[in-house]
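Trainee: this one's sequence-less:
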């Protein structure tokens, strides 16, 4: 094994920032001035000259040393002045780390039935998508995954959620149904956000009401509800009334037509009792009145968008 000297291919500069053009690197055995061989390649097959010269930019070429080497290094400028002299340098050791022993504690692992979301189009190894399709063994005809690695998740879902459909109907046990090549539906999270059960072992919080879920139980695993568009019903409007009246400027009079002259007196009228009276020609003006009315209907009843701002990802469940 070999190690690349860490100052290879790095310009050596003086205090003014100028390169040590033509500098020389002397590699000796530790504690001596006995030269040691360095190499241009990691295979240690092509020796470098001694000393190793830097180029005009003060940069040394690749210098490889056998690992575990302890060496003495002296750097001199082009005029022969020593600018660096260090003894007993340990070349780094290349060690292939041994794989860790033992297992990983279960609490640090994803377990069968655990969910994760990811910003990815493909399905990660060891997971299936929560898309409402089915899983089962290799001969089950399952639509999402038909493979022997689905056994644990099949049994988990069969046990945890009795509402998930099993092809051909549920049998006596999950193991039996799996062996019988039945398929079970996966949770369907297409276009859905996740809500906690309203109780989760504590008293119901009343944040999700039973009537809001399709199954009528806000503590049922897999319960769903909500709608992406909603048309308001009359009962959902705020209580209100529409009131108003027309103006009462209706006072008016009517001319009295069809007067009959009696005794040659054109100014006298004959009334039903045959008596004569003053020949008034208009009715009284007590005609003031109001009119009831209705307003015109407005609005279309079209459903409105009921969605919050969102971004879409994929949900997966562990096999």
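Mentor: Noted; the coordinates are in hand. Remember, predicted model here, so these are calculated numbers, not experimental data. Numbering: from 1, shown residues only.

Trainee: Isn't residue 165 up against residue 187?
Mentor: No. Applying C-beta atoms under 8 Å, one finds residue 165 not in contact with residue 187, separated by 11.6 Å. All C-beta atoms are positioned from the backbone trio N, CA, C, and that covers glycine.

Trainee: of these two, who's got more company?
Mentor: Neighbours per residue (other C-beta atoms under 10 Å) separate residue 165 from residue 187, with residue 187 holding more: 19 against 12.

Trainee: Next, find the distance separating the more buried one from residue 244.
Mentor: For residue 187, the distance to residue 244 (C-beta to C-beta, to the nearest Å) stands at 56 Å.

Trainee: What are the boundaries of the strands in the stretch 151-300 of the chain?
Mentor: Under the criterion DSSP state E, counting those that start in this stretch, the stretch 151-300 of the chain contains strands at 184-185, 229-230, 268-270, 276-278.

Trainee: Walk me through which strands the helix or strand following the last one pairs with, and which way each runs.
Mentor: Put plainly, it is strand 276-278. Of the helices and strands lying after strand 276-278 in sequence (DSSP states H and E), the nearest is strand 304-305. Taking DSSP bridges as the criterion, strand 304-305 pairs within the sheet with strand 229-230 (antiparallel).

Trainee: What's the mean pLDDT across the partner strand?
Mentor: Mean pLDDT, strand 229-230: 90.

Trainee: how about stretch 220-237: buried residues?
Mentor: Taking 16 or more other C-beta atoms under 10 Å as the basis for neighbour counts, the residues of stretch 220-237 that come out buried are 220, 222, 223, 225.

Trainee: my bad, stretch 57-70
Mentor: Quick answer for stretch 57-70 (16+ other C-beta under 10 Å): 58, 59, 60, 61, 62, 63, 64, 65, 69.

Trainee: re earlier: and the buried residues of stretch 220-237, which is closest to residue 23?
Mentor: Comparing those against residue 23 with C-beta to C-beta picks out residue 222 as the nearest, at 73.9 Å.

Trainee: what's near enough to touch that closest one?
Mentor: Residue 222 is in contact with 161, 163, 164, 187, counting by C-beta atoms under 8 Å, 6 or more residues apart in numbering.

Trainee: What's the PyMOL line that selects buried ones from those?
Mentor: Selection of buried members from these for PyMOL, criterion 16+ other C-beta under 10 Å:
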select buried, resi 164+187
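
Trainee: Pick out whichever of the contacts of residue 222 sits closest to residue 128.
Mentor: residue 187 (10.1 Å).

Trainee: The closest one against residue 134, yeah?
Mentor: No. With contacts counted by C-beta under 8 Å, residue 187 stays clear of residue 134, the gap being 11.5 Å.

Trainee: For residue 28, give the beta-bridge partners.
Mentor: Using DSSP bridges, the beta-bridge partners of residue 28 come out as residue 35, residue 72.

Trainee: ok, now which ones touch it?
Mentor: For residue 28, the contact set (C-beta under 8 Å, 6+ apart) comprises 34, 35, 36, 71, 72, 73, 74.

Trainee: ok, how many other residues are close to the last one?
Mentor: Here the neighbour count serves as a burial measure; for residue 74 (other C-beta under 10 Å) it reads 17.

Trainee: For the remainder of this discussion, apply numbering that starts at 178.
Mentor: In the new numbering, first residue 178, that becomes residue 251.

Trainee: That one in helix, strand or coil?
Mentor: strand (DSSP: H, G, I helix; E, B strand; the rest coil).
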